[in-house]
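Visitor: pasting the structure only:
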Ligand SMILES: Cc1ncc(C[n+]2csc(CCOP(=O)(O)OP(=O)(O)O)c2C)c(N)n1
Ligand SMILES: CC(=O)[C@@H](O)[C@H](O)COP(=O)(O)O
Ligand SMILES: [Mg+2]
């Protein structure tokens, strides 16, 4: 009779070195405990649950077999790294995940030696891993580099650029393709179908077959071409031709929840062979937690939830979310104009494009995690007279920037860019903050750049973008719910380059670009009460600027504040440039541009982040008082 291991094993496993002391036969128990710990932690913090649940065995097996952190383990995206955090000395802080001052929801170099490469945007792991593998070769080190990448992340161009380079360099890189047949939504595209064929044309490789394959692998070092030919002849190659043809040794598909499969493969790869290897591992997103397994989204990202029922906490919204207002407005406009099409890069729900897909499936395109392609695909559609809405998060549009410049803007093509998640997003922290889009778009000749101040404005901007055919146009709006203003039946077509005065005053002018408008209105109440009659204006456009409005504000006020949810170099910079060029700074006007601070702001609630950045009601009041050289009012931070 075998004795049962002590419970809980996890208490004895603080670091991978402890894990390496555990018998192989006890690993399934450790996996159960890691799952339980992770479910409990995420039930209290919210966060990315499904992906981590799917890689518990894989994570344990990698740390068991490889000598991390000296061997480098890179997780693509990093949203699946919670089991890794639990096993690498961070279990005691796991209930601070994604909270203010807590652990990051992604891998982070600054957080641990076990996170050799930070991530959050997808499909970077093979490139980074290849760099590390080449660095190891150059410095004569024998370390292993392992990149774990999901099937969704494998749809992005960067991953292929890296595979292409790795195959040619013949560097010692181990890529583990974690295929759970899911992205955030069900995966799309030919690559996804190809992986599905590899995994379903046959059941998993059996232990015996893995053995045969690995035997072939041992010989591989001598002559890769001969080894491959022999394997084909013996029928040991079970697919993976594409990876093989790219110069990778391909093993799999294997069962990523079976230590019996994982351990021998990883040990053999560790101990033998050379050159790049790709291990195709099949897993189930949400594995081991029935509510996650049963959910359509596999609990990709969840709010706090009840562990017994899986029911997620829902905050009662006071207003519809910007995303839903965008999605519904787009459907409305698409009913009027059959040239309107929608594009998302693997974020149908997150961007609200799923609403268009429900009504007009043939006019909606999920291109996978492929932002560069999404932009140029939209350019092609626009060149043929269609009206593409290429809906991306601000942070992910960064990846398609050259395409915006070269394929869209230079050719003056009327691609519409709805930009969601503008400004701080909260728990996802600095990697996901939408900080730079106004800066990098408003600098482009011919680009129209808008920001919605509230959900009604967003409706107007959707209609305006649909109607505008003269070139590219963008409109940004934040994560979360709107302000609660009344929504018009249908949006109006805004005059391009015209802002609006929301409240008139005479001494102080607050010129807002985006949803700080509500804080400006609150600040104006405080300023008026202090005898500083305040005008509040909504710029609507960062490009073209409303020159008349800016002239008027500059000439008739003592202080002009610009405010935006974006980095230095955006709206405020354009206003200052205009004021300086027009000589409007020469007469004593006090101008203070308020932008996101020039630091990587750590995760917290968006409100807390804006307060820290000084971009809230109190911060605005303080800025005005400082400009006037007066003391504050004793209003929170303003005092
Ligand atoms: C460049 C980029 N675009 C979009 C995203 C949003 N995103 C995060 S995870 C994810 C799905 C990833 O799927 P996969 O790699 O298969 O991992 P899984 O969640 O299935 O484990 C997406 C689209 C991102 N992180 N980076
Ligand atoms: C990991 C990732 O990039 C996404 O899952 C992201 O966290 C989604 O963010 P939202 O919750 O704002 O859609
Ligand atoms: Mg996946």
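Guide: On my side now, so go ahead. Nothing here was measured: the structure is a model prediction, and the numbers come from that model. Ligands and ions are numbered 1, 2, ... in the order given.
Visitor: Strands of the stretch 101-250 of the chain, residue ranges please.
Guide: 145-150, 174-179, 249-255 (DSSP state E, counting those that start in this stretch).
Visitor: Just put these in a markdown table and tack on mean neighbour count.
Guide: (C-beta placed from N, C-alpha, C; glycine too.) Conversion of the strands of the stretch 101-250 of the chain to a markdown table gives the following (neighbours: other Cβ atoms under 10 Å):
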| stretch | mean neighbour count |
| --- | --- |
| strand 145-150 | 27 |
| strand 174-179 | 27 |
| strand 249-255 | 24 |
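Visitor: These: which one's closest to residue 470?
Guide: Closest approach to residue 470 among those (Cβ to Cβ): strand 145-150, 40.2 Å.
Visitor: Check which helices and strands that closest one is in contact with.
Guide: helix 56-65, strand 72-75, helix 125-138, strand 174-179 (3 or more Cβ pairs under 8 Å, 6 or more residues apart in numbering; DSSP states H and E).
Visitor: Rebuild the ones you listed as a markdown table, extending it with distance to ligand 3 and mean pLDDT.
Guide: Below are the helices and strands packed on strand 145-150 laid out as a markdown table (distance: least, Cβ to the ion, whole Å; pLDDT from 0 to 100):
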| stretch | distance to ligand 3 | mean pLDDT |
| --- | --- | --- |
| helix 56-65 | 12 | 98 |
| strand 72-75 | 12 | 98 |
| helix 125-138 | 13 | 97 |
| strand 174-179 | 7 | 98 |
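Visitor: which one of those lies closest to residue 425?
Guide: strand 72-75 (20.4 Å).
Visitor: The helices and strands packed on strand 145-150 into a markdown table, with extra columns for distance to residue 168?
Guide: Putting those into a markdown table (distance: least, Cβ to Cβ, whole Å) gives the following:
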| stretch | distance to residue 168 |
| --- | --- |
| helix 56-65 | 26 |
| strand 72-75 | 20 |
| helix 125-138 | 10 |
| strand 174-179 | 15 |
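Visitor: Which one of these lies nearest to ligand 2?
Guide: Closest of the helices and strands packed on strand 145-150 to ligand 2 is strand 72-75, at 11.3 Å (criterion: Cβ to the nearest ligand atom).
Visitor: do that closest one and ligand 1 meet at all?
Guide: No. Strand 72-75 does not reach ligand 1 (Cβ under 6 Å from any ligand atom); its nearest approach is 9.6 Å.
Visitor: What is that strand packed up against?
Guide: So strand 72-75, by 3+ Cβ pairs under 8 Å, 6+ apart, packs with helix 125-138, strand 145-150.
Visitor: Residue numbers of the stretch 151-300 of the chain in contact with ligand 1?
Guide: Selection of the stretch 151-300 of the chain residues close to ligand 1 by Cβ under 6 Å from any ligand atom yields 151-153, 180, 182-184, 285, 300.
Visitor: neighbour-wise, which of those leads?
Guide: Among those, residue 152 has the most neighbours (other Cβ atoms under 10 Å), with 31 neighbours.
Visitor: can you tell me how far that one sits from ligand 2?
Guide: Going from residue 152 to ligand 2 by Cβ to the nearest ligand atom, to the nearest Å gives 10 Å.
Visitor: quick one, what contacts the closest residue to that residue other than its chain neighbours?
Guide: Leaving aside its sequence neighbours, residue 152 sits nearest to residue 183 (Cβ to Cβ, 6 or more residues apart in numbering; 3.0 Å). Listed by Cβ atoms under 8 Å, 6 or more residues apart in numbering, the contact set of residue 183 reads 150-152, 155, 346, 368-369.
Visitor: Swap in 10 Å and give it another go.
Guide: 122, 150-155, 189, 192, 285, 300, 346-348, 366, 368-369 (Cβ atoms under 10 Å, 6 or more residues apart in numbering).
Visitor: Taking the stretch 101-250 of the chain, what residue is nearest to ligand 3?
Guide: Of all residues in the stretch 101-250 of the chain, the one sitting closest to ligand 3 is residue 150 (3.8 Å; Cβ to the ion).
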